[in-house]
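Enquirer: only geometry, no sequence info:
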């Protein structure tokens, strides 16, 4: 079992029953276009995913999974430890029944996820930088990729971190630290 101190984000999300990951998908076509551009920039054409086995670690609230599911993978497994995010993922997948409906949503810490199956594509977006041991975390995630498969990772770098630091600075100036979590969330 994971040490509670190693999981500050998940513990915070569970304590406050939140999923901090959200995207505007009111224009689903625009959202799908953004994801398509990302995949194409990685050299992954949409047809590549058809009939492939996919694994996604940390799907957040499932917004990106909608597009990936629409590419008709044979199997699509989504793994996250945040029950609120997973419920949002399940809800979105039902609300937007595009593509293949063979999705498995698994509640598990990434370090604790076990499967004898290997996958054609493994996704892990914006998670590595937040790990106490990023290299060990990456090795674990990569261990689920089939030989000749693809590992898709994205990371925040120091340049993009600047905007996050500035956003948090503004939050500190605007949000009263004594407010409850619901009021803080509205900012």
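Expert: Received, thanks. On a predicted model such as this, the values are computed, not experimentally measured, just so you know.
Enquirer: so what's residue 86 up against?
Expert: 78, 80, 105, 107 (C-beta atoms under 8 Å, 6 or more residues apart in numbering). All C-beta atoms are positioned from the backbone trio N, CA, C, and that covers glycine.
Enquirer: Check residue 176 too.
Expert: Here residue 176 is in contact with residue 183 (C-beta under 8 Å, 6+ apart).
Enquirer: Surely residue 151 forms part of a strand?
Expert: Yes. Counting by DSSP: H, G, I helix; E, B strand; the rest coil, residue 151 is part of a strand.
Enquirer: so what's it bridging to?
Expert: Using DSSP bridges, the bridge partners assigned to residue 151 are residue 122.
Enquirer: what's around it, how many residues?
Expert: 16 (other C-beta atoms under 10 Å).
Enquirer: Touching, it and residue 139? I think so.
Expert: No. The criterion here is C-beta atoms under 8 Å, and residue 151 misses it with residue 139 at 10.8 Å.
Enquirer: Now do the shared contacts for those two.
Expert: Contacts common to residue 151 and residue 139, judged by C-beta under 8 Å, 6+ apart, are absent.
Enquirer: coming back round to it: from the contacts of residue 86, list the buried ones, please.
Expert: Applying 16 or more other C-beta atoms under 10 Å to the contacts of residue 86, the neighbour count classes 78, 80, 105 as buried.
Enquirer: For the second one, give me its contacts.
Expert: If you count contacts by C-beta under 8 Å, 6+ apart, residue 80 has them with 57-60, 86, 89, 106-108.
Enquirer: what's the pLDDT at residue 5?
Expert: Model confidence at residue 5, given as pLDDT, is 44.
Enquirer: All set, thanks.
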